[in-house]
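Novice: Provided below for reference: sequence and predicted model.
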Amino acid sequence: MTVLAQHSWLLVPLTVVLAVAFIFLLVPLAHKFGWVDHPNARKVHDDATPLVGGVAIFMALSGLIWLSPISTLASGPFYLVLLWGAFAMLLTGLVDDLIGLTATIRFIIQIGLCLLMVRYAHVHLTDFGQLFTSSVFTLGWAAVPITVFAAMGVINAFNLIDGMDGLSGTIFLIAAAGMLLFAVLSADWAVFWLLLITMASVLGFLLLNARLPWNEKARVFLGDAGALMLGFILAWCFIRLGSGSEPAMMPMTAVWLFALPLLDTSTLIWLRWRDGRSAFSADQHHLHHAFLRAGYSVGQTWAVMLLLASGLAAIGIGFEFSGLPDWLSFYTFMALAFVYYFYVKHSWATQCFLGRHFIHHDFTIEEGYA
């Protein structure tokens with residue numbers, strides 16, 4: 001057993017430090033080779049920013065995971081395939097960051113990697129619990145395609161919400177923290193350590209990405225490499241904990257833990273389709289853009305989004321521990337989704353959000369905008 005395995009409390013601070021160190025090492029290379037993110041129709045920044053966050057996170061994660069207690073737990077196919085799949089997703093995003101990939105190519109790769117998870121990691125959804133009534137809603141022959149669809153939904157929703165300093169990393173920490181609780185309760189220690197080390201890596205990234213007192217603006221971004229990789233890890237940990245004969249949590253609980261990106265992305269996709277645009281076209285119509293257009297600062301918007309995501313996750317955890325039926329959780333979420341959709345649609349139509357008229361239109365957040 002390694003020293004770190006014997007003193008596992010060292011893992012979190014060491015991983016945080018390692019992630020920060022890798023970012024500082026990679027930033028000069030990013031500037032030298034043009035590995036930077038330029039302002040576009042979806043981002044709210046005005047300077048070219050290095051896209052090394054995702055690679056640094058994975059370097060810290062993969063560097064320490066084999067020195068931790070998980071090294072003796074992760075001999076099963078799920079964890080090996082998950083880590084190799086995350087690496088492949090990282091490379092896909094890296095190529096997309098550097099030269100660009102079409103949505104079709106990205107989807108083909110994602111489908112392939114998800115099918116590998118089903119085939120070789122032996123994990124997929126078998127039912128949705130008592131989703132509509134008191135009877136269990138089994139998936140039968142549709143289990144594999146629905147599992148792949150669900151995983152891709154999480155991956156792409158996480159990628160699409162990555163558009164403001166500190167937001168995607170915070171969303172990851174909230175969702176992963178919820179899963180961490182259920183991993184402990186179900187004694188799935190390999191998933192516990194995997195999530196904990198990944199969370200520590202993301203925390204190191206946030207120290208240089210979020211609008212904290214020492215960051216006037218983000219110094220580094222996740223890039224598609226990081227967003228796709230972290231989305232992949234989230235998706236398959238959700239599926240792992242929500243499947244099997246004795247799941248660690250209800251499938252609907254995963255929906256609540258990841259509710260904010262799902263609500264935001266599904267609403268945007270529908271509105272874009274309605275307007276005859278590509279579902280994945282870039283624009284500034286995410287929920288955080290509405291806050292910013294209404295005059296809230298980046299810091300205020302980040303804080304409110306954090307509270308919203310945490311509150312929604314808490315509702316899901318509350319349903320899980322209350323013993324209330326799955327169908328009540330489902331119908332509550334659907335009611336919330338309808339309210340969210342119509343309010344967001346109304347806000348964009350009237351150019352007014354939370355009682356404030358929009359004061360920014362097709363903007364970028366200037367350097368130093370608090």
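Specialist: In hand now; what should we look at?

Novice: neighbouring contacts of the helix or strand where residue 335 lies?
Specialist: Residue 335 is part of helix 326-350 when elements are defined by DSSP states H and E. The contact list for helix 326-350 (C-beta atoms under 8 Å, 6 or more residues apart in numbering) reads 128-134, 250-253, 255-256, 259, 263, 266-267, 270-271, 285, 287, 290, 315-316, 319, 353. Backbone N, C-alpha and C define where each C-beta goes, glycine included.

Novice: now the stretch 1-150 of the chain, which segments are flagged as low pLDDT?
Specialist: Scanning the stretch 1-150 of the chain with the threshold set as pLDDT under 70 gives 1-9, 39-47, 66-76.

Novice: repeat that for 50
Specialist: Low-confidence regions of the stretch 1-150 of the chain, defined here as pLDDT under 50, cover residues 1-5, 41, 45.

Novice: need the helices for it, in chain order.
Specialist: If you assign secondary structure with DSSP state H, counting those that start in this stretch, the helices in the stretch 1-150 of the chain sit at 3-6, 11-33, 53-65, 77-98, 103-120, 143-160.

Novice: For residue 208, find the nearest of those helices.
Specialist: With C-beta to C-beta as the criterion, residue 208 lies closest to helix 11-33 of the helices of the stretch 1-150 of the chain, at 5.7 Å.

Novice: Which of the contacts of helix 326-350 are buried, as a PyMOL select command?
Specialist: The following PyMOL command selects only the buried members of the contacts of helix 326-350, with burial defined by 16 or more other C-beta atoms under 10 Å:
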select buried, resi 128+129+130+131+250+251+252+253+255+256+259+263+267+271+285+287+290+315+316+319+353
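
Novice: Point out the ones among the contacts of helix 326-350 that are inside helices.
Specialist: Within the contacts of helix 326-350, residues falling in helices by DSSP state H are 251-253, 255-256, 259, 263, 266-267, 270-271, 287, 290, 315-316, 319.

Novice: on that earlier part again, and the helices of the stretch 1-150 of the chain as TSV, adding mean neighbour count and distance to residue 171?
Specialist: Listed next are the helices of the stretch 1-150 of the chain as TSV, based on neighbours: other C-beta atoms under 10 Å; distance: least, C-beta to C-beta, whole Å:
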stretch	mean neighbour count	distance to residue 171
helix 3-6	12	28
helix 11-33	17	17
helix 53-65	25	14
helix 77-98	20	17
helix 103-120	17	19
helix 143-160	21	7
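
Novice: Name the nearest residue to the one residue sitting closest to the centre of the chain, ignoring sequence neighbours.
Specialist: Against the mean C-alpha coordinate of the chain, by C-alpha atoms, centre = their mean, the closest residue is residue 158 at 3.9 Å. Distances taken as C-beta to C-beta, 6 or more residues apart in numbering place residue 231 nearest to residue 158, at 3.6 Å, with adjacent residues excluded.

Novice: Could you check how many residues crowd around the one you found?
Specialist: Neighbouring residues of residue 231 were enumerated by other C-beta atoms under 10 Å; the total is 30.

Novice: again, but for the one 4 residues further on
Specialist: A total of 29 residues lie near residue 235 under the criterion other C-beta under 10 Å.

Novice: try residue 181
Specialist: Applying other C-beta under 10 Å, we find 17 other residues in the vicinity of residue 181.

Novice: okay but it is in contact with residue 316, surely?
Specialist: No: the pair formed by residue 181 and residue 316 falls short of the contact definition of C-beta atoms under 8 Å, at 10.9 Å.

Novice: related to what we said a few turns ago, separation between the residue nearest to residue 158 and residue 157?
Specialist: Remark: distance between residue 231 and residue 157 (C-beta to C-beta, to the nearest Å) = 7 Å.

Novice: any idea of the mean pLDDT for stretch 232-240?
Specialist: With pLDDT averaged residue by residue, stretch 232-240 scores 95.

Novice: hmm, I was thinking of stretch 275-295
Specialist: Mean pLDDT, taken over the full extent of stretch 275-295, equals 81.

Novice: Buried ones in that stretch, by neighbour count?
Specialist: Going by 16+ other C-beta under 10 Å, stretch 275-295 has these buried residues: 283, 284, 285, 286, 287, 288, 289, 290, 291, 292, 293, 294.

Novice: I figured the last one hits residue 354, correct?
Specialist: Think residue 294. Yes: between residue 294 and residue 354 a contact is recorded at 6.2 Å, counting by C-beta under 8 Å.

Novice: show me where the stretch 101-250 of the chain has strands.
Specialist: Assigned by DSSP state E, counting those that start in this stretch, the strands in the stretch 101-250 of the chain number zero.
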